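Asks: heads up, no residue letters with this:
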């Protein structure tokens with residue numbers, strides 16, 4: 001890549017977004033689920049996701065490899081399969097769509113909760129990535145990464161993006 005190419009935009013329902021395989025570098029918008037999806041050319045639904053609520057966080061993190069569970073009553077461990085557990089700082093655990101900053105730990109191949117879980121709670125475990133990490137992965141050189149990072153930041157901070165996701 002010798003120059004920054006125009007960012008491509010697509011949008012659609014959650015079902016359409018989850019099935020869509022965009023070209024490498026394509027950004028699409030899930031208009032129902034309020035997510036930005038960054039595509040790698042092979043992964044349905046995009047390789048990385050950014051939920052609209054993350055735009056309000058101080059840390060702008062994208063997620064990947066999400067694993068979803070419905071907890072059994074009293075359950076204290078889950079095995080999140082595809083999630084890389086090697087760095088706990090790069091893992092997000094949510095219960096009923098609320099991110100847990102504490103109350104869990106990595107125990108071998110499992111996530112272990114400090115307290116038993118109430119049955120029926122929705123749990124999501126995924127890896128998280130900074131915007132800079134993702135841009136570097138999609139870029140051919142550090143110069144390209146810096147230019148693309150500026151372009152993506154500008155896009156994410158534009159009023160049109162915020163209105164689309166609200």
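Replies: Everything's here; your move. Please read all numbers here as calculations on a predicted model, not as lab measurements.
Asks: which residues of this structure fall in strands?
Replies: For the chain, the strands defined by DSSP state E occupy 9-12, 27-30, 35-38, 48-51, 61-70, 77-78, 91-95, 98-99, 104-107, 110-113, 122-130.
Asks: Flag the shaky bits of the protein, pLDDT-wise.
Replies: For the chain, the stretches with pLDDT under 70 are 1-9, 51-61, 131-132, 134-166.
Asks: try it again with 90
Replies: Filtered on pLDDT under 90, the chain yields the residue ranges 1-14, 17-18, 22-75, 80-84, 89-102, 115-166.
Asks: ok so, going back, comparing the strands of the chain, which stretch has the densest surroundings?
Replies: Highest mean neighbour count of the strands of the chain: strand 35-38, a mean of 24 (counted as mean count of other Cβ atoms under 10 Å). Heads up, the C-betas are built off the backbone N, CA and C, glycines and all.
Asks: can you list the strands of the chain in CSV and add distance to residue 21?
Replies: As requested, the strands of the chain are exported to CSV (distance: least, Cβ to Cβ, whole Å):
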stretch, distance to residue 21
strand 9-12, 11
strand 27-30, 10
strand 35-38, 11
strand 48-51, 14
strand 61-70, 15
strand 77-78, 29
strand 91-95, 24
strand 98-99, 28
strand 104-107, 32
strand 110-113, 29
strand 122-130, 20
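Asks: This completes my enquiry, with thanks.
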